[in-house]
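Visitor: Give me coordinates for this.
(6 chains)
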Protein chains: 6
Amino acid sequence: MPLMPKLTDDQLHPDAREVFAQIRAARGSDYVNDIWRVLANDPALLRRTWEQTRATMSAGALDALTKELIYLAASITNDCEYCINTHTAAARAKGMSDAQFSEMLAVVGLANQLNRFAAGTQVELDERYRG
Amino acid sequence: MPLMPKLTDDQLHPDAREVFAQIRAARGSDYVNDIWRVLANDPALLRRTWEQTRATMSAGALDALTKELIYLAASITNDCEYCINTHTAAARAKGMSDAQFSEMLAVVGLANQLNRFAAGTQVELDERYRG
Amino acid sequence: MPLMPKLTDDQLHPDAREVFAQIRAARGSDYVNDIWRVLANDPALLRRTWEQTRATMSAGALDALTKELIYLAASITNDCEYCINTHTAAARAKGMSDAQFSEMLAVVGLANQLNRFAAGTQVELDERYRG
Amino acid sequence: MPLMPKLTDDQLHPDAREVFAQIRAARGSDYVNDIWRVLANDPALLRRTWEQTRATMSAGALDALTKELIYLAASITNDCEYCINTHTAAARAKGMSDAQFSEMLAVVGLANQLNRFAAGTQVELDERYRG
Amino acid sequence: MPLMPKLTDDQLHPDAREVFAQIRAARGSDYVNDIWRVLANDPALLRRTWEQTRATMSAGALDALTKELIYLAASITNDCEYCINTHTAAARAKGMSDAQFSEMLAVVGLANQLNRFAAGTQVELDERYRG
Amino acid sequence: MPLMPKLTDDQLHPDAREVFAQIRAARGSDYVNDIWRVLANDPALLRRTWEQTRATMSAGALDALTKELIYLAASITNDCEYCINTHTAAARAKGMSDAQFSEMLAVVGLANQLNRFAAGTQVELDERYRG
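Guide: Numbering: from 1, shown residues only, chains lettered A, B, ... in the order given. Here you go, the predicted model:
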């Protein structure tokens, strides 16, 4: 059970209703993920978070699929079940193949392993990489 | 100071020497990062780790720059100074622009924020994303 | 299923029984959270952990609700489901309002985001903050 | 060395200059922390991040010092050197006493310990805390 | 539901089938844990991961139970439910007693607490421990 | 610079002085690590933390070196520079060989990698491991 109630469309504050309309327009779908229904309890937080998400995840210098893979790498490292499931679905919707998913996972695993090798050995940064 | 000594080329076990030759060939450079000089204290671990790195980071279904960005996303989430510095340099060498770096960073920041919103609200996964 | 059995009152070692009496007295309730029933398998660990908890979470220079919010911030950052649920309940019992919960969550999300911006940019500490 | 250059006031894009003016006004000080000088390389990211920070950290249902303590709890859990140093200074500036600092630290340590006890025992959430 | 299908023996690529034979031989059991059935979707990743696991977890300078306890310490710190459950079972199978489990847990909790005390106080490394 | 001052022996509160005497007796050395000099600013916290450390790290069902290795596994996973350095020294003092150090590191790296594979694939726990 979420610790904040999931709001139905009927329960939305007018400000949250407006954000939901933007989410639906941007996604081209009537479905709104439950995390937004929970954040809708605080319409100002909902708006800030949605605007940040839209600005951050839209294609720019990086395409939208690459951004989903980066998002997944962070979420897997944090072991966020909700985020891993929803963003794997988003990446699939943006064309992620089985091979791409598998390669992303291998890179995340390697990075987590080597991050710990660097920590455990306390290797210092090579002089050539210091500014 | 690293907790395992950094080995010079002269100090390498023959098995480690062979791995260093592979690293140099794959990188097209005589320079070998210090983390390998530390791992060289255990030649079997060095070999396994290098072979895994080469197999994982080479271009495949994902191109090599995308893999560096994924690697960075995990390393930033873990706050690994060594890994962030060396793989930002690697990403730059593979063509990462300032705008791509900045967008990657924004995505990592957003993911870490939303991972915590999901945790803090204990929102359950939407039924549509359950298998 | 827990990996250590949850002990019923009947199964408690006398030392654990004594700690449970202290927990009940301190909480003003007969209910003892299941984590204590699990830790009760090691009465010495139970006692140390309870005494540390009581000493740490009681009102002092910080009031008890502020301590719960700090506890939640750490537990959300670690994504500890058990701890988030039980300490959100504890914070509610100590008077946390919906607005306070939402603001705490926003701060935790922001901190996690900016922690990663600091890591990803490897910004050095401003000279004025160095001792 | 930061991986993005720290911009001096002279190097700021007009949009970043405007944000710096807001930071100075809000802080009542001419000094701008280096993290903002680094983020200024991406004026849109700078603006979003500053507006989120101002909205999140200002006193509301929680006072500004409590928010700093929550921010510190997350940053300590993530071991973010930059954030711990700058926000401890911010908390001090908002009146944090030695005893409050010490109690905050004790709570963060306890939470991190108990988060691991919950993980290691895989204790399930007590029925009474399930929605 | 896993995000990659769990493959039955009938669905295995010949390369994966060969790895499964090695797993069965090494474990002395016909049962293959589900994580391998998921990784089997990428036979090259399956092979690398299995070979790394066998090389790393076999008794060497450290006995196999000590390695399981170290594995658990990392997995508990990361709060990995799958890994905690399967490796607690593995440690039990290798003779871990109730008292050893409890002591391991106490050490992991203490380390996580003191890691945060070190971070929160920003204590510098004593000169005697610098290389 | 630490955020709490390191106290010299002369600056100790009598309660902290007593704890320092216990640390010296237990360690059989006059040297007291700087983290204790920092925690000494809060004598009650110092005492609780020292008593917990002594009770937790002393040989019991697990020997003292195994406990150091478990402590290191958690500290490396958390990337705690202070803790990694001081506890590697402690493990060395308790007889850790180069090969044991290297094997511990390999296990920690593997665990961190497989923790992420479990997270990224969202593999469910095998029925046989559910209670």
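
Visitor: domain assignment for chain A?
Guide: Split into domains by automatic domain parsing, chain A comes to A:1-58, A:59-131.

Visitor: near chain D at all, the longest one?
Guide: The reference is to domain A:59-131. Yes - on the criterion C-beta under 8 Å from any C-beta of the partner chain, domain A:59-131 is in touch with chain D at A:130-131. In short, each C-beta sits where N, CA and C put it, glycine included.

Visitor: can you give me the offset of that domain from its chain's centre?
Guide: 12 Å (C-alpha atoms, centre = their mean, to the nearest Å).

Visitor: three-state assignment of the residue lying closest to A:Pro2 once chain neighbours are set aside?
Guide: Excluding the flanking residues, the one nearest A:Pro2 by C-beta to C-beta, 6 or more residues apart in numbering or on different chains is B:Val123, at 4.6 Å. The local conformation at B:Val123, judged by DSSP: H, G, I helix; E, B strand; the rest coil, is coil.

Visitor: Quick one, grab the pLDDT at B:Val123.
Guide: Per-residue confidence (pLDDT) for B:Val123: 98.

Visitor: Report the closest residue of chain A relative to chain C.
Guide: A:Asp42 (4.1 Å; C-beta to the nearest C-beta).

Visitor: residues in contact with that residue?
Guide: A:Asp42 sits next to C:99, C:102, C:106 when contact means C-beta atoms under 8 Å, 6 or more residues apart in numbering or on different chains.

Visitor: Most neighbours among these, which one is it?
Guide: Neighbour counts for the contacts of A:Asp42 peak at C:Ala106, which has 28 neighbours (criterion: other C-beta atoms under 10 Å in any protein chain shown).

Visitor: Hmm, that residue is touching A:Ala44, no?
Guide: No - in this structure, C:Ala106 is not within contact of A:Ala44 by C-beta atoms under 8 Å, at 9.1 Å.

Visitor: Overlap in contacts, these two.
Guide: Common contact partners of C:Ala106 and A:Ala44 (C-beta under 8 Å, 6+ apart): D:Ala55.

Visitor: got the angle for the strand or helix carrying A:Leu69 vs helix B:64-77?
Guide: In this structure, A:Leu69 sits in helix A:64-77 according to DSSP states H and E. Put simply, helix A:64-77 runs at 30 degrees to helix B:64-77, going by axes from the mean of the first three to the mean of the last three C-alpha atoms, to 10 degrees.

Visitor: average pLDDT across helix A:64-77?
Guide: 98.

Visitor: Quick check: buried residues in the helix or strand following that helix?
Guide: Per DSSP H and E, helix A:64-77 leads on to helix A:81-93 as the next helix or strand towards the C-terminus. Within helix A:81-93, the residues that count as buried by 16 or more other C-beta atoms under 10 Å in any protein chain shown are A:81-92.

Visitor: cool, and stretch A:93-109?
Guide: Buried residues in stretch A:93-109 (16+ other C-beta under 10 Å): A:96, A:100-109.

Visitor: Where do the helices of chain A begin and end?
Guide: A:14-27, A:34-39, A:43-57, A:64-77, A:81-93, A:98-121 (DSSP state H).

Visitor: can those go into CSV with extra columns for distance to chain E?
Guide: Shown next, in CSV, are the helices of chain A (distance: least, C-beta to the nearest C-beta, whole Å):
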stretch, distance to chain E
helix A:14-27, 21
helix A:34-39, 17
helix A:43-57, 20
helix A:64-77, 9
helix A:81-93, 5
helix A:98-121, 4
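
Visitor: Quickly check: stretch A:85-102 near chain B or not.
Guide: Yes - counting by C-beta under 8 Å from any C-beta, chain B is contacted by stretch A:85-102 at A:85-86, A:89, A:97, A:99-100, A:102.

Visitor: Sort out which one of the residues you listed lies nearest chain B for me.
Guide: Distance to chain B across those (C-beta to the nearest C-beta) is lowest for A:Ala99, with 3.6 Å.

Visitor: show me what contacts the closest one?
Guide: Per C-beta under 8 Å, 6+ apart, neighbours of A:Ala99: B:60-61, E:42.

Visitor: possible to save the buried residues of stretch A:93-109 as TSV with distance to E:Arg27?
Guide: Formatted as TSV, these follow (distance: C-beta to C-beta, whole Å):
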residue	distance to E:Arg27
A:Met96	33
A:Gln100	31
A:Phe101	28
A:Ser102	24
A:Glu103	28
A:Met104	29
A:Leu105	24
A:Ala106	24
A:Val107	28
A:Val108	26
A:Gly109	22
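
Visitor: now, which of those residues sits nearest E:Tyr129?
Guide: A:Gly109 (31.2 Å; C-beta to C-beta).

Visitor: Settle this for me: that closest one is touching F:Thr121, isn't it.
Guide: No - between A:Gly109 and F:Thr121 there is no contact, the gap being 10.5 Å when judged by C-beta under 8 Å.

Visitor: Would you reformat the residues of stretch A:85-102 next to chain B as JSON lines and include pLDDT and distance to A:Gly131?
Guide: Formatted as JSON lines, these follow (pLDDT from 0 to 100; distance: C-beta to C-beta, whole Å):
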{"residue": "A:Asn85", "pLDDT": "98", "distance to A:Gly131": "40"}
{"residue": "A:Thr86", "pLDDT": "98", "distance to A:Gly131": "38"}
{"residue": "A:Ala89", "pLDDT": "97", "distance to A:Gly131": "40"}
{"residue": "A:Ser97", "pLDDT": "98", "distance to A:Gly131": "39"}
{"residue": "A:Ala99", "pLDDT": "98", "distance to A:Gly131": "37"}
{"residue": "A:Gln100", "pLDDT": "98", "distance to A:Gly131": "34"}
{"residue": "A:Ser102", "pLDDT": "98", "distance to A:Gly131": "36"}
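
Visitor: Which positions in chain A make contact with chain F?
Guide: A:72, A:76-77, A:79, A:81, A:84-85, A:104-105, A:108-110, A:112-117, A:119-122.

Visitor: at 6 Å what do you get?
Guide: Neighbours of chain F within chain A, by C-beta under 6 Å from any C-beta of the partner chain: A:76, A:79, A:105, A:108-109, A:112-113, A:116-117, A:119-120.

Visitor: JSON lines for those, including distance to chain C?
Guide: JSON lines is the format used below for these (distance: C-beta to the nearest C-beta, whole Å):
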{"residue": "A:Ile76", "distance to chain C": "12"}
{"residue": "A:Asp79", "distance to chain C": "6"}
{"residue": "A:Leu105", "distance to chain C": "19"}
{"residue": "A:Val108", "distance to chain C": "15"}
{"residue": "A:Gly109", "distance to chain C": "19"}
{"residue": "A:Asn112", "distance to chain C": "15"}
{"residue": "A:Gln113", "distance to chain C": "18"}
{"residue": "A:Arg116", "distance to chain C": "16"}
{"residue": "A:Phe117", "distance to chain C": "18"}
{"residue": "A:Ala119", "distance to chain C": "13"}
{"residue": "A:Gly120", "distance to chain C": "18"}
